[in-house]
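K.L.:
Quick one, what's the 3D model for this:
(one chain, ligands or ions: 1)
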Amino acid sequence: MKKYERRQMAVLKTVTKKALFLIGILCFVLCVIHLVNRVKILENQIEKLSVEQVFAQAKTDEETFDNTTITPETQPPESQSTETQISETQPSETEILQTESTSQTSPEETSIGEEENQKIVYLTFDDGPSSNTNAILDILKEYNVKATFFVNGKTDEVSKAGYKRIVEEGHTLAMHSYTHVYKEVYASKEAFLEDVYRLQNYLFDLTGTKPIYYRFPGGSSNTISEMDMQVFIQALHEEGMEYFDWNVANGDGANKELTTDQILTNVWNDIPKYEHSMILMHDSVQKGFTVEALPEMIKQLQEAGYTILPIDDTTPLIQHIRDNSIEDNPQ
Ligand SMILES: [Zn+2]
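P.N.:
Predicted coordinates for the structure are as follows:
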């Protein structure tokens, strides 16, 4: 019995070995077939991809060509925006309501009608005058550019000379509240108008001109005023005055120094979006870096074909809070 069993075991072993060997060969063959198929599929995909790439490249070339008319060459590469402002925050894109006389156009439309649509930039300076105002006025004179100064009430001799120079050199003198103290300016409608007339009368006495354009401290979209900003907007309109906000900021509202490159990046991030760009800057005494960046900013704007203008009665109302009474009551 043992002998028989041993023989049987030996046969079983041989059979098992052969079976395993055959299974091994079968697996190997299947693997090879599978691999060959994969290679064929990959080859097809590569062929397809290269055809698509050729098409994609052709398309990119077309777009680049179109964009050269929209995007100025001088636009710096995108870098981190430095727009965290404390006193005057840049509203998000959706908050900006641009009430322009022309209806909104898409970028394509802009590029088609570009020759007729002159692109305009308004340089605006808040919180002055200061010693920096003089430096800014020198630069504006050098480049033959007019700007708008939203000033506060200041009684020192440098500031007094600043108001006069702004008017004498053909810039727009505009108001930004006498005190710039939010709690006082926005205490009530009466307090607001008292502050407006205190500044207007002061500026009239000094310069002989009565400013009628206003920029709210913090902008019309500020979140500091406890009163509804519509109250103050209505008050201004009742007095025949108009307010302007901004749609581009150079970023100098935050309490930190910026390099010229950072300032240029900030403004070029937004300027190409608008037919009329209103740039928020500050000419207060701490903002020497804004002065430093100004010549290059003007140079780039002029080279890119932008027209720089001061605010006047023809300026589109660039406002964060759109006042609906404008349609009913044009003046
Ligand atoms: Zn201000």
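
K.L.:
L173 - that's part of a strand, no?
P.N.:
Yes - counting by DSSP: H, G, I helix; E, B strand; the rest coil, L173 is located in a strand.

K.L.:
how deep is it tucked in, by neighbour count?
P.N.:
For L173, the neighbour count with other Cβ atoms under 10 Å is 24. The C-beta positions use only the backbone N, C-alpha and C, and glycine is treated the same way.

K.L.:
Excluding chain neighbours, what is closest to D245?
P.N.:
Spatial nearest neighbour of D245, chain neighbours left out: H320 (4.5 Å); criterion: Cβ to Cβ, 6 or more residues apart in numbering.

K.L.:
Touching, that neighbour and F244? I think so.
P.N.:
No - counting by Cβ atoms under 8 Å, H320 does not reach F244; the two are 9.9 Å apart.

K.L.:
Tell me, how many residues neighbour the residue of the stretch 201-331 of the chain found nearest the ion?
P.N.:
Nearest residue of the stretch 201-331 of the chain to the ion: P217, at 4.9 Å (Cβ to the ion). Counted with other Cβ under 10 Å, the neighbours of P217 add up to 23.

K.L.:
Could you do the one 3 residues further on as well?
P.N.:
Burial of S220 is recorded as 23 neighbouring residues (other Cβ under 10 Å).

K.L.:
Can you name the next helix or strand after the strand ranked longest in the chain?
P.N.:
The longest strand of the chain (DSSP state E) is strand 120-128. For strand 120-128, the succeeding helix or strand toward the C-terminus, using DSSP states H and E, is helix 131-142.

K.L.:
picking that back up, quick one: which of H320 and F244 has more around it?
P.N.:
Per other Cβ under 10 Å, whichever of H320 and F244 has more neighbours is F244, with 24 against 21.

K.L.:
quick check, Q234 in a strand?
P.N.:
No - using three-state DSSP, the assignment for Q234 is helix, not a strand.

K.L.:
I'd guessed T290 sits against N250; true?
P.N.:
Yes - with contacts counted by Cβ under 8 Å, T290 reaches N250, the gap being 6.4 Å.

K.L.:
So between those two, which is more surrounded?
P.N.:
Higher neighbour count among T290 and N250: N250, with 28 against 24, using other Cβ under 10 Å.

K.L.:
Show the contacting residues for that one.
P.N.:
Applying Cβ atoms under 8 Å, 6 or more residues apart in numbering, we find N250 in contact with L258, I263, N266, V267, I279, L280, M281, T290, A293, M297.

K.L.:
which one of those residues has the most neighbours?
P.N.:
M281 (28 neighbours).

K.L.:
sec struct for the residue of the stretch 201-331 of the chain closest to the ion, please.
P.N.:
Assignment for P217 (three-state DSSP): coil.

K.L.:
close enough to count as contact, it and S177?
P.N.:
Yes - contact criterion Cβ under 8 Å: P217 and S177 qualify, at 5.1 Å.

K.L.:
anything in contact with each of the two?
P.N.:
Common contacts of P217 and S177 (Cβ under 8 Å, 6+ apart): V185.

K.L.:
what helix or strand is G251 on?
P.N.:
Using DSSP H and E, G251 falls outside every helix and strand.

K.L.:
all strands of the stretch 151-300 of the chain, in order?
P.N.:
Remark: strands assigned in the stretch 151-300 of the chain by DSSP state E, counting those that start in this stretch are 172-175, 213-214, 242-243, 248-249, 276-282.

K.L.:
Redo these as CSV? Include mean pLDDT.
P.N.:
CSV is the format used below for these (pLDDT from 0 to 100):
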stretch, mean pLDDT
strand 172-175, 98
strand 213-214, 98
strand 242-243, 98
strand 248-249, 98
strand 276-282, 98
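
K.L.:
G153: what's it in contact with?
P.N.:
For G153, counting by Cβ under 8 Å, 6+ apart, the contacting residues are S177, Y178, T179, R198, L199, Y202.

K.L.:
thought Y202 was touching M175?
P.N.:
No - taking contacts as Cβ under 8 Å, Y202 lies outside contact range of M175: 9.9 Å.

K.L.:
out of those two, which sits in the more crowded spot?
P.N.:
Under the criterion of other Cβ under 10 Å, the comparison of Y202 against M175 puts M175 first, with 26 against 18.

K.L.:
give the contact list for the more buried one.
P.N.:
Neighbours of M175 in contact, by Cβ under 8 Å, 6+ apart: F150, V151, V196, L199, Q200, L203, P211, Y213, Y214, R215.

K.L.:
which residue sits closest to R198, ignoring its sequence neighbours?
P.N.:
Of all residues not flanking R198 in the chain, Y178 sits nearest, at 4.6 Å (Cβ to Cβ, 6+ apart).
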